[in-house]
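> Pasted the sequence and its predicted model underneath.
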Amino acid sequence: AVCTLVLYFKYFFVISNAANPLDHPAEDVEKLGLKLEEKPDHKRAQRMQGNDMENIPFNFGIFVFAIFIQCYANVTNENKGKTQTQIITYMFLIYTIMRVLFTICYRFALQPFRSIAFLLGTFCVWITVCTMVSSAFMIDMKSD
């Protein structure tokens, strides 16, 4: 739940920073006294948003599905999948940390750290997928 909350706020932060400052209705400009100036890092913020939109929803779905598969495997196998449960939990935690670090590194143009954070986050997703497949094979499909 904490990882989900962190990813949500990070996603909200990135999206709000990527909003086009030149694209406001006339009444907002007039009533709120907005200045229609493009931020110098607006293109970078849009690229950050695009990256999050390409990666977070799909990867989040993988983690959620892996948790469901693992829960079902634990129920059908008398909780013998403790190791897989821990792997998925740690991978979700590390993935969340890597996405936050990726955003920070992207915002401040810190290469190669941005790429390292991205690759480590992607590696966590791959480990989770492999663990999920392993867990699926643990499910006892026998009917009593």
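On my side now, so go ahead.
> Contacts for stretch 99-113, please.
Around stretch 99-113, the neighbours that count as contacts under Cβ atoms under 8 Å, 6 or more residues apart in numbering are 6-7, 10, 13-14, 41, 44, 47-48, 51-52, 55-56, 114, 117-118, 121. The C-beta positions use only the backbone N, C-alpha and C, and glycine is treated the same way.
> Restricted to buried residues, select the residues you listed in ChimeraX.
Selection of the buried residues among these in ChimeraX, burial being defined by 16 or more other Cβ atoms under 10 Å:
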select :7,10,14,44,48,51,52,55,56,114,117,118,121
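> Sitting in helices, which of the contacts of stretch 99-113 do you find?
Counted as lying in helices by DSSP state H, out of these, are 6-7, 10, 13-14, 44, 47-48, 51-52, 55-56, 114, 117-118, 121.
> Mind listing what's buried along the helix or strand harbouring Ile127?
Element membership for Ile127, per DSSP states H and E: helix 113-138. Under the neighbour-count criterion of 16+ other Cβ under 10 Å, helix 113-138 has 114, 117-118, 120-121, 124-125, 127-129, 131-132, 134-135, 138 buried.
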